[in-house]
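Using only what follows, build the 3D model:
(3 chains)
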Amino acid sequence: MVSWEIIGAWIAAFIVIWIYSFAFRDNVFYKLAEHIFVGTAAGYSIALAIDSLNRVAIKSLITQPTVSWHYIIPIILGMLMFFKYSRKYYWLARYGVAINVAVGAALAVRTIPMANIIRQIQAALTPLWGSDPIKLVNNWLMFLITVGGLTYFLFTIFPPKPAPGRTSAIYTLYRALYLIGIYGMMVGFGALFANTIVTRVGFVISIYLIYLQPYIIATIIGVILAAIGILIEVRRRSK
Amino acid sequence: MSVINVIDRIFGSRYVLYLVLIIALIYPLIFPIGIPIQISSRTLAVYNYIQHLKPGCHVYMELYYEVAARGELEPNAIALIKQLFDKGCKIVFVSTMSTGPLIFSLLKSSAPDVFANKTYGVDYVFLGYVSGGEAAVASLAKSIKGTVTVDNYGNPVDKLSLLKEVDKATDFDLAIIVSSGTDTFNYYVRQWYTPYGTPLLFVALSVIAPSIEPFVSAKQAIGMLVGQRSAAEYELLVGRKGLGIASMDSQSLSHFVILIFIIVGNIVYWSKRLEAKKAKGGGR
Amino acid sequence: MSLTIRRFIPQTIVSIILIIMIIFYYFYINKSVSDAFTTWDKALSDWAVIITSFTLIIGGIDLLRYHLVQIKKIGVKQLPFSGTTIALEIIMVIFALIGLYYSYVYPKLGITITTQPQFTWLFTYLYAPTDSAVYSILLFYIASASYRAFIARNPMATLLLITAIVIMLGNTSLGNLIWPGFLPLRDWIMTVPNTAAFRPITMGVGFGTIILGLRLIMWREVSWLGRRE
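Now for the predicted structure:
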């Protein structure tokens, strides 16, 4: 008995294969799958926006109007955003955006000095002398690379470069920290690259286990269709 | 034609690279090798922290990832949920990403055994998707019931018994952020940890982990679980085999293959460069 | 006058909200002021949540408009593709609205937008696999980049390469089979040099956000106004 679940699973297997076929060559099936993705993603996000709006604002206005009467204001501001399509009244959309921009920025700005700056400085300032050599090496590395990185990101003030034949202690220190900063960041980016591989392999493994392995016949048919799509594309290009 | 040129021609074709990688990836999934998995001290620290939470504790779990990231984050989330449920802890799930309801339904269907003896509304609640990003996170920290009136399934939140016990950030013993984006971790550090001091646990994609490491190091989070590797370790610790353990062999083999690509790429590059130098007559 | 309502009032709103939300967060005057601030601070966050929902809807409508224009521009050739996008988007919204209707008219059925059966089918079998596949296709490019681009050309690239290889081996069970030290070494790299390398970036984000806030207060940041006039 063919159920909607089986049909769905077959379509899912087809779509996955068609999207992967792009890694080999662009083809008509990839284009179709891509448009399916865009359409469903947009439809889904509109639906979920309506869902959030309903659960946060509308239900609240119906069940407890005395508490949440002020939700009328953002609803009106939100509706005014549709004026962005108007040539004459486009500026009405700015009122809603103004609230969003201001609240977003205020929420971030008021806690960021503590979260991203003070706590980070505190964490970087570890004891630079002591008896445990391993801890000492770690603390020095942490301190030097952090300061080095900050030096690298200095875009406004630099110590002046000394004239040829002369040396400047400040400039030498600046260059040394700058280099430590760059090399430190290279270690960071190396870690980033290695971890990217885990993520991408992980994505493909889960796709294979969820969508392809259980529906192997659908996968094979999907591959054949993608191959036909690629062949058509190759012939079209060669003409 | 020299050996190097032959190798370059073979590896230079991206189809060969893809094919080798696909075989390395799929073969261990069909015929598992069973390479033993070592448990990292960082994963163990997270496990011990949760083991030391009081039984019946309240945990908040943000599910912020698109479906693609399921393979890396879902096994971690399931293992954590199992450990928490086994301890009798209660979990409030929420998502500030629109895919939230979809991934929660997929998560539940992936681990029916974990949710089997748990009652909705008493042991766990799913608040659904709340739009607004950082504003939503800040609003939920102040009051959940003041932010959403009904949960994902249309039940009024004041009728759910779990939400009679918890409402704001300080009511939770732990907030777990399962996210595929960097911003979410920033939001929670800024809106939950900094003003209220709620302990945070990060569950991040491997690719995101390096950039949020400073928060963990500054003790703004109690720890971090990173991708499929941590998932495999955590599954071993909680004793439930899942996607994490299943994918480790495949991860190993595909990493090995990519490592070979890198090494061969370097050998070919340097051999060609030395050859070119020789042809020029000993270089500069 | 027109410039006032078009630009100056929205910009003033931004400045006032920013100043009030920041000042009252740090300074305590008395309990009643603090309580009023807490209430309105929460209300403003909720307002932003509500307005964001509208922006998402507008984003979807923009996409619809774009595809209609594409069909008009390219013609019949584009119709099957853009048509698919438009049709799927509209169908999903219709099913969502049916779910919403049921949640109000027959609440006992327990059907809402996200539990409406057809909507669930569409997102489980069309949206979920496409989303997963689109994001994971990068693996193939990594494979080809690891052969072509990941070369130890200079000392910096060599350091990057060595770190990456150590972490790759630490991340896999095979690496630990070769040498059990790879896992602790990976953890050390992640917690010490990597943390130190990303810390200046974290701090830079902090400074950048503070400067953005100041620019907004002082009307120097105007990109959010959209259209120039």
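
Can you name the residues that contact B:Leu73?
By C-beta atoms under 8 Å, 6 or more residues apart in numbering or on different chains, B:Leu73 lies in contact with B:65, B:178-180, B:203, B:205, B:227. Quick note: C-beta positions are derived from backbone N, CA and C, even for glycine.

same thing but 10 Å
A:202, A:206, B:63-66, B:103, B:107, B:178-180, B:203-205, B:225, B:227-228, B:231 (C-beta atoms under 10 Å, 6 or more residues apart in numbering or on different chains).

Next: B:Val226.
Shown in contact with B:Val226 (C-beta under 10 Å, 6+ apart): A:195, A:198-199, B:40, B:42-43, B:72, B:76, B:202-210, B:212-213, B:233, C:171, C:190.

Leaving out chain neighbours, which residue sits closest to it?
B:Ala209 (4.4 Å; C-beta to C-beta, 6 or more residues apart in numbering or on different chains).

Would you map out the domains in chain C?
C:1-70, C:75-136, C:140-200 (automatic domain parsing).

So what's the gap between the longest one and the chain middle?
Translated: domain C:1-70. Distance of domain C:1-70 from the chain centroid (C-alpha atoms, centre = their mean, to the nearest Å) equals 18 Å.

hmm, it touching chain B?
Yes - against chain B, domain C:1-70 shows contacts by C-beta under 10 Å from any C-beta of the partner chain at C:25, C:38-39, C:41-56.

cool, the second one as well?
Yes - for a cut-off given as C-beta under 10 Å from any C-beta, domain C:75-136 has contacts with chain B, namely C:99-100, C:102-104, C:107, C:109-115, C:119-120, C:123-124, C:127-136.

Please indicate which of those are buried?
C:99-100, C:102-103, C:111-115, C:119-120, C:123-124, C:127-136 (16 or more other C-beta atoms under 10 Å in any protein chain shown).

what residues are up against the closest residue to chain A within chain B?
Relative to chain A, the nearest point of chain B is B:Gly71 (2.5 Å; C-beta to the nearest C-beta). The contact partners of B:Gly71, by C-beta under 10 Å, 6+ apart, come to A:199-210, B:205, B:227-228, B:231, B:243-244, B:247, C:132, C:136.

For it, grab phi and psi.
Per-residue torsions, B:Gly71: phi -60, psi -30 (degrees, to the nearest 10).

pLDDT value on it, please?
Listed pLDDT for B:Gly71 reads 90.

nearest residue to it other than its sequence neighbours?
Spatially, and ignoring its direct neighbours in sequence, B:Gly71 is nearest to A:Ser206 (2.5 Å; C-beta to C-beta, 6+ apart).

Count the neighbours of the one you found for me.
25 (other C-beta atoms under 10 Å in any protein chain shown).

Compute the mean per-residue pLDDT across the helix or strand in which it is found, please.
Using DSSP states H and E, A:Ser206 maps to helix A:169-207. Rounded to a whole number, the mean pLDDT of helix A:169-207 is 93.

Buried residues, it. List them.
Quick answer for helix A:169-207 (16+ other C-beta under 10 Å): A:174, A:177-178, A:180-207.

Residues in contact with the next helix-or-strand element following it: which ones?
Next in sequence after helix A:169-207, counting helices and strands by DSSP H and E, comes helix A:216-238. Applying C-beta under 10 Å, 6+ apart, the contact partners of helix A:216-238 are A:6, A:9-22, A:24-33, A:208, A:211-213, A:215.

is any part of the helix or strand bottoming out on mean pLDDT in chain C close to chain A?
Least confident helix or strand of chain C, by mean pLDDT, DSSP states H and E, is helix C:2-3 with a mean of 84. Yes - contact of helix C:2-3 with chain A (C-beta under 10 Å from any C-beta) involves C:2-3.

mean confidence for the helix or strand just after that helix?
Once the chain leaves helix C:2-3, the next helix or strand it forms, by DSSP H and E, is helix C:9-26. For helix C:9-26, mean pLDDT is 93.

now do stretch C:213-225
91.

before we move on, what about stretch B:275-283?
For stretch B:275-283, mean pLDDT rounds to 76.

does A:Leu53 really touch B:Gly128, like I thought?
No - in this structure A:Leu53 lies outside contact range of B:Gly128 using C-beta atoms under 10 Å: 11.8 Å.

all helices for chain C, in order.
Remark: helices assigned in chain C by DSSP state H are C:2-3, C:9-26, C:31-74, C:79-105, C:117-122, C:128-136, C:138-148, C:155-171, C:173-178, C:182-191, C:193-217.

And the last one, what's buried?
When you say that, I think you mean helix C:193-217. C:193-203, C:205-206, C:209-210, C:212-213, C:216-217.

what angle separates it from helix C:182-191?
If you take axes from the mean of the first three to the mean of the last three C-alpha atoms, to 10 degrees, helix C:193-217 sits at 30 degrees to helix C:182-191.

cool, the longest one as well?
In terms of direction (the same axes, to 10 degrees), helix C:31-74 departs from helix C:182-191 by 110 degrees.

do the fourth one as well
Between helix C:79-105 and helix C:182-191, the angle formed by their directions is 80 degrees, by the same axes, to 10 degrees.

Can you name every helix or strand that helix C:79-105 contacts?
Where contact means 3 or more C-beta pairs under 10 Å, 6 or more residues apart in numbering or on different chains; DSSP states H and E, helix C:79-105 is packed against helix A:28-53, helix A:59-63, helix C:31-74, helix C:117-122.

Among those, show me which one is buried the most.
Stretch with highest mean neighbour count among those: helix A:28-53 (a mean of 24; mean count of other C-beta atoms under 10 Å in any protein chain shown).

Restricted to strands, list the contacts of B:Val226.
Under the assignment DSSP state E, these contribute B:202-204 to strands.

So how do I select the buried members of these in PyMOL?
Entered in PyMOL, the line below selects the buried ones among the ones in strands among the contacts of B:Val226, by 16+ other C-beta under 10 Å:
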select buried, chain B and resi 202+203+204
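
Keep only the ones in strands among the contacts of B:Val226 that also lie close to chain A.
Counting by C-beta under 10 Å from any C-beta, the members of those near chain A are B:Ala204.

Which ChimeraX command selects the buried ones in the contacts of helix A:216-238?
Burial among the contacts of helix A:216-238 is assessed by 16+ other C-beta under 10 Å; the matching ChimeraX selection reads:
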select /A:9,10,11,12,13,14,15,16,17,18,19,20,21,22,24,27,28,29,30,31,32,33,208,211,212,215
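
which regions of chain A sit below the pLDDT cut-off?
Applying pLDDT under 70 to chain A flags residues A:1.

Identify the residue of it closest to chain B, quick one.
For chain A, C-beta to the nearest C-beta, closest residue to chain B: A:Ser206, 2.5 Å.

Show me the shaky parts of chain C.
For chain C, residues meeting the criterion pLDDT under 70 lie at C:1, C:227-229.

Kindly provide the distance from the residue of chain A positioned farthest from its centre to C:Asp41.
Taking C-alpha atoms, centre = their mean, the residue of chain A most remote from its mean C-alpha position is A:Gly165, at 48.4 Å. Noted for A:Gly165: a distance of 61 Å to C:Asp41, by C-beta to C-beta, to the nearest Å.
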